[in-house]
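Trainee: Everything below, folded, please.
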Amino acid sequence: MSPKSLLPRLSGFTPPAPSLVIAAIASTQLGSTLAKSLFGQVGPLGMVLLRVGLSALVLVAWCRPRWRGHSLRDYRLLVSFGLSLAVMNALFYCAIARIPIGVAVALEFSGPLTVALLHSRRWLDGLWVALAAVGIVLLSPLNTPALDGAGVLMALLAGVAWGAYIMLSARMGQAFRGGEGLALSMVVGALLLLPVGVLAEGRALLSPHILLLGLGVALLASTLPYSLEMAALRRMPVNVFGVLMSLEPAIAAALSFLWLGETLTLAMVGAIGLVMIAAAGISLSQPAAKAV
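Mentor: Numbering: from 1, shown residues only. This is a model prediction of the structure:
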């Protein structure tokens, strides 16, 4: 089954590509809000194990990847990619347990923005990253005492892991076909998270109620967004996709406010806005890229 086959069709109508990106972002952040709402029953480490583990099961069933026949170099790459995925998600969930989701998402964007700067030769990109840095400084506990320092640090470290994930993903795309690499890396990530999640939560992870809700988190935060993003990228330039992705902190903040009642100060809103402008700006400044 291809991601495109998951798209709703009514009398031959296919949703516009930008709407698929917005739906992917909303799905991801709904998954985050659902996960956070369950932290009282299963902590962040247990929940990230359920998300990655159940996502791995879904993707393996969907993609049916080849387990053998890869080179040793490819297996090493797979482990590195799975490690970055596991660390990124674990740190992000630990971060949103301490700070608002919208703030954590904005801070996490530091990773992709840094990767864009490292691969850029344009002075304008440096200005966009500097603008994002101002927003991140404004979200630091020194300027915003209401924010938990450990949560801010974890979100920034999640951004570092996200940056590593992005850099490794290009190599994964060359080494593995289709969604095979992502499915296998999810399995690696789940195995790495297994002892941590079990030690943190134990038998609570085996509750049918928690498993069902964990599956909901996995589908919302991983499987559905992945299929929607892949379908959108087939029909739109990559830099336009990046501009739309810059809306993620705002959508995260809105959904966490509506569902969890998380409120932000005007300073937080302004800082998140700076990061979003920087993310959109650095995407627009890239050379026009064709759909993939």
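Trainee: what's stretch 38-50 in contact with?
Mentor: If you take C-beta atoms under 8 Å, 6 or more residues apart in numbering as the criterion, stretch 38-50 is touched by 35, 86, 89-90, 93-94, 96-97, 190, 193-194, 196-198, 200-201, 204-205, 210-211, 213-215, 217-218. To be clear about C-beta, it is placed using only N, CA and C from the backbone, and glycine gets the same treatment.
Trainee: Look at the nearest residue to P141 once chain neighbours are set aside and report its pLDDT.
Mentor: Excluding the flanking residues, the one nearest P141 by C-beta to C-beta, 6 or more residues apart in numbering is G149, at 4.2 Å. You'll see G149 listed with a pLDDT of 92.
Trainee: how many neighbours does G149 have?
Mentor: When neighbours are counted by other C-beta atoms under 10 Å, G149 registers 13.
Trainee: same deal with the one 3 residues further on?
Mentor: Other residues within reach of V152 by the criterion other C-beta under 10 Å amount to 22.
Trainee: Ok, V275 next?
Mentor: Neighbours around V275, by other C-beta under 10 Å: 29.
Trainee: Show me where the protein dips below the pLDDT cut-off.
Mentor: 1-13, 286-292 (pLDDT under 70).
Trainee: circling back: ok, the residue nearest to P141 to L191 distance?
Mentor: 31 Å (C-beta to C-beta, to the nearest Å).
Trainee: With C63 instead?
Mentor: Separation of C63 from L191 (C-beta to C-beta) stands at 17 Å.
Trainee: what about these two, which has more around it?
Mentor: Applying other C-beta under 10 Å to C63 and L191 shows that C63 carries more neighbours, namely 19 against 15.
Trainee: Would you mind listing the residues in contact with the more buried one?
Mentor: By C-beta under 8 Å, 6+ apart, C63 lies in contact with 178-180, 182-183.
Trainee: Of the contacts of stretch 38-50, which belong to helices?
Mentor: Using DSSP state H, 35, 86, 89-90, 93-94, 96, 190, 193-194, 196-198, 200-201, 210-211, 213-215, 217-218 are the members of these that sit in helices.
Trainee: List only those of those residues flagged as buried.
Mentor: Neighbour counting with 16 or more other C-beta atoms under 10 Å marks 35, 86, 89-90, 93-94, 96, 190, 193, 197-198, 200-201, 210, 213-215, 217-218 as buried within these.
Trainee: Hmm, L184 and M172 touching each other?
Mentor: No: using C-beta atoms under 8 Å as the test, M172 is too far from L184 to be in contact (9.2 Å).
Trainee: Overlap in contacts, these two.
Mentor: Between them, M172 and L184 share these contacting residues under C-beta under 8 Å, 6+ apart: L78.
Trainee: Look at these two and report which has more neighbours.
Mentor: Neighbours were counted for M172 and for L184 using other C-beta under 10 Å; L184 has more, 26 against 19.
Trainee: Could you list every helix and strand in contact with the host helix or strand of the more buried one?
Mentor: Element membership for L184, per DSSP states H and E: helix 180-201. Packing partners of helix 180-201 (3 or more C-beta pairs under 8 Å, 6 or more residues apart in numbering; DSSP states H and E): helix 44-63, helix 72-96, helix 149-175.
Trainee: Tell me the buried residues in the last one?
Mentor: I take that to be helix 149-175. Buried, per 16+ other C-beta under 10 Å, within helix 149-175: 151-168, 172, 175.
Trainee: helices and strands around it, which ones?
Mentor: Looks like helix 149-175 contacts helix 72-96, helix 101-108, helix 110-118, helix 180-201 (3+ C-beta pairs under 8 Å, 6+ apart).
Trainee: and if we set it to 10 Å?
Mentor: Applying 3 or more C-beta pairs under 10 Å, 6 or more residues apart in numbering; DSSP states H and E, one finds that helix 149-175 makes contact with helix 72-96, helix 101-108, helix 110-118, helix 123-138, helix 180-201.
Trainee: same thing with the second one?
Mentor: Helix 72-96 makes packing contacts with helix 17-37, helix 44-63, helix 101-108, helix 149-175, helix 180-201, helix 248-260 when contacts are defined by 3+ C-beta pairs under 10 Å, 6+ apart.
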